[in-house]
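Chemist: pasting the sequence and the predicted model now:
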Amino acid sequence: MNALNFLLTNFWSLLVLAFLGLVALRIVWRVWRYGATRAELRHVLRRSPFYFVVLVFCFFAAAPFMIMFLHTFKTDSDLYRRPQPFVYRDEPTLEHLDALFNNTAYLDFIRNSVLVGVAVVIITLVLALPAAYALARLTGRWGERAGILMFLVYLVPPTLLFIPMFRIVVLLGLKDSPLALIVVYPSFTVPFSMWLLQGFFKAVPPELEEAALVDGYNRVEAFLRVVLPLSLPGIISTVVFAFTLTLHEFIYGLVFIADTSQRTLSVGVPTELILGDVYFWQPLLAAALIIAIPVGLAYNLFLDSLVQGFTMGAVKG
Amino acid sequence: MSIVEISGLKKYFDAVRAVDGVDLAIQPGEFLVILGPSGCGKTTLMRMIAGLEKPTAGSIQINGADVTELPPRKRGVSMVFQSYALYPHMNVYNNIAFPLKAQRREKKFDKATMRGKVESIAKLLEIDELLDRRPRQLSGGQRQRVAIARAMVTQPAVLLLDEPLSNLDAKLRANARDELKDFQRSSDITAVFVTHDQIEAMGLGDRIVVMEKGKIQQIGSPQHIYDEPANEFVATFLGSPSMNILRGERHNFGFRPEHFLPKTLQDNPENSVSFVYFVKRVEYLGSDRLVYGYIGGHENKLTLAKVPSNVRVSLAIEDEYEFAVQYDNIKYFDEASGERIKAPADFAR
């Protein structure tokens, strides 16, 4: 225990020491294995501050997930004693996970969120694919203005819109139902996805479509057989993005649905697991982590094409 | 009967007159080259034949049927794009089969027939080894062959080619030009070829259409266009270096640098016009010497002479010589319109 305590209290100095050790090891390795010259060694030394900074940032990015994971299995007494985030002083326990799944509506939240997310993504694709294609090919002044105008819709904040939207939801008789969210969420996913998709479509050379037209297809077929397959990575990353937009939306979910079992994750988890000023930390962190991992993985897979989509939309040509 | 009949065709983009009244009849089986500087409307003309651009006015007939309002797929034409426009997500086989798949919906033929068609055209173009590759795994020359195979596999009435050689490097280009011509002759297809490269045009074309500012300047065989240009534009656009044009008293007149030779070298000097030629600079180009200088009385205009290297005449800088041009090699142009006119009877300088 003493060694562990020493390790934790001197965490930062140890990180620096470990890093310097790695640099030294690398130098020794290079000299021994390749007979590295002085210039090469200087290169390694000059690059090392860069890698140190990268290491620190990696730690910052990963630490919340580590802490969430470790805390999930901590007992209350372990958690509320003088905090040592990386160490178990009591035996790890599964009681909080058990509570999360069996004593709260967590599974309902997941089901509702997935249902709303999938439905909204489908609606979004149906509306945004043709719209984005039209905007990408309407290269005149008109198309560009229409695109910007539609994107402006996205910039109106939900905190401004939820009151009038609430009236509409009540009029439609959808209050307290996930259907309310399925109707409302496309109002921000469509303009956003359209903007993103437009960039991907613009990257497909018009000549390819013209070739398809000459080869015997009409415009819709050319779109389906040439443009769509070529922008598939972009479309998938748009799907991921639109899905996460619905996943973390809070205010509509809070206002339109009061029935706990009908709520989505982003609203259900904080309202169920925070009572007044009492935070049920372990289930709260577990609930967040379980959802964050698949989303994080999906983002990582499509990160490159996502970045491409943003920049392609922004730069002409 | 002509296979494509274009009459009064116009295309305006707002104020820009890309194609401004074109009449053209394309004969079956001919290799027609549309030649012009960039921005002369040649590509727009071809895109209108393909149906990718809607004409502002005029009509296009293919095989006797008016196709002016028809979409590209109903015209029976196919096209090779400048960038080849191969579908990057399909392998070579599927690229070539793509137009056949569209046809399969109407003309019922089975998959084996389709495979047979693709394989035979691939064999003809010597790309049958590449059918499983993706376009990005091909060289420029191979891509061009795939593009031609895709265009030819449906046996279209007319094959349109939009500068298909411009993406190849110089060595490959000469080779590809040969093969393209052979292929066209053996398959007997009607080809319309757009280019800004006069050497390509002269080498490939049965007939050349010279365009400028959206209008046809002249139509004719390569030799006819070179020897008998219809106006000053055609005269100066073709030939390298281009024709010397000088201002006469009443008319402009011109002659090609290769016809402008020392008087002693002329075959029959009594049938030629002599000039005092002041040599300013001589460039040695291997097969020729390119001479820059001035003609007496026309000091404001640099005049070029192209003297074959095997002719042993010393040409010193800053010296005067007697050069001459045969009468029938001098062309006369109207000063105002630039149109070719007959040699004036009393012509003397």
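Modeler: Sure, I can see it.
Chemist: how far off centre is the longest helix seen in chain B?
Modeler: In chain B, with assignment by DSSP state H, the single longest helix is helix B:170-187. Helix B:170-187 has its C-alpha centroid displaced from the chain centroid by 14 Å (CA atoms, centre = their mean, to the nearest Å).
Chemist: now the strand or helix carrying B:A112 against helix B:170-187, angle please.
Modeler: Using DSSP states H and E, B:A112 sits in helix B:111-124. Counting by axes from the mean of the first three to the mean of the last three CA atoms, to 10 degrees, helix B:111-124 lies at 130 degrees to helix B:170-187.
Chemist: contacts for helix B:111-124, please.
Modeler: Contacts with helix B:111-124, where a contact means CB atoms under 8 Å, 6 or more residues apart in numbering or on different chains, come from B:92-93, B:96-97, B:100-101, B:104, B:128, B:130-131, B:149, B:152-153, B:183. Backbone N, C-alpha and C define where each C-beta goes, glycine included.
Chemist: mean confidence for the longest helix of chain B?
Modeler: Averaged over helix B:170-187, pLDDT sits at 86.
Chemist: what do you get for stretch B:313-321?
Modeler: The average pLDDT within stretch B:313-321 is 87.
Chemist: residues in contact with it?
Modeler: The contact list for stretch B:313-321, computed with CB under 8 Å, 6+ apart, reads B:262, B:264-265, B:276-282, B:289, B:291, B:307.
Chemist: can you put those residues in TSV and add neighbour count?
Modeler: Converted to TSV, the contacts of stretch B:313-321 look like this (neighbours: other CB atoms under 10 Å in any protein chain shown):
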residue	neighbour count
B:P262	17
B:T264	12
B:L265	13
B:V276	13
B:Y277	24
B:F278	17
B:V279	18
B:K280	14
B:R281	11
B:V282	15
B:R289	17
B:V291	24
B:V307	20
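Chemist: among these, which pair sits farthest apart?
Modeler: Using CB to CB, the two most remote members of these are B:T264 and B:R281, lying 21.5 Å apart.
Chemist: is chain B contacted by the helix or strand harbouring A:P229?
Modeler: Under the criterion of DSSP H and E, A:P229 resides in helix A:228-230. Yes: Helix A:228-230 is in contact with chain B by CB under 8 Å from any CB of the partner chain, via A:P229, A:L230.
Chemist: the residue in the stretch 101-250 of chain A that chain B sits nearest to: neighbouring residues, count only.
Modeler: The stretch 101-250 of chain A approaches chain B most closely through A:G216 (3.0 Å), counting by CB to the nearest CB. Summarising burial for A:G216: neighbours were counted as other CB atoms under 10 Å in any protein chain shown, giving 24.
Chemist: and if you look at the one 4 residues further on?
Modeler: Around A:V220 sit 9 other residues, with neighbours defined as other CB under 10 Å.
Chemist: what residues does chain A put near chain B?
Modeler: Looking at chain B, the residues of chain A close enough under CB under 8 Å from any CB are A:205, A:207-208, A:210-218, A:221, A:226, A:229-230.
Chemist: give me the buried entries from those.
Modeler: Among the residues of chain A next to chain B, those classed as buried by neighbour count (16 or more other CB atoms under 10 Å in any protein chain shown) are A:E207, A:L208, A:E210, A:A211, A:A212, A:L213, A:V214, A:D215, A:G216, A:Y217, A:V226, A:L230.
Chemist: what helix or strand is the closest residue to A:L41 other than its chain neighbours on?
Modeler: Take A:L41 and drop its neighbours on the chain: the residue closest to it by CB to CB, 6 or more residues apart in numbering or on different chains is A:I27, 5.8 Å away. Using DSSP H and E, A:I27 maps to helix A:11-34.
Chemist: and that helix, which residues are buried?
Modeler: Applying a neighbour-count criterion of 16+ other CB under 10 Å, the buried positions in helix A:11-34 are A:F19, A:V23, A:R26, A:I27, A:R30.
Chemist: go on, stretch A:246-255?
Modeler: Quick answer for stretch A:246-255 (16+ other CB under 10 Å): A:T246, A:L247, A:E249, A:Y252, A:G253, A:L254, A:V255.
Chemist: what's the answer for stretch A:285-303, then?
Modeler: Judged by neighbour count (16+ other CB under 10 Å), stretch A:285-303 contains these buried residues: A:L285, A:A286, A:A287, A:A288, A:L289, A:I290, A:I291, A:A298, A:F302.
Chemist: and for stretch B:186-204?
Modeler: When burial is assessed from 16+ other CB under 10 Å, stretch B:186-204 yields the following buried residues: B:189-198, B:200-202, B:204.
Chemist: do any residues in it lie close to chain A?
Modeler: No: Stretch B:186-204 does not reach chain A (CB under 8 Å from any CB); its nearest approach is 13.2 Å.
Chemist: kindly provide the distance from B:D319 to B:Q266.
Modeler: Per CB to CB, to the nearest Å, B:D319 is found 19 Å from B:Q266.
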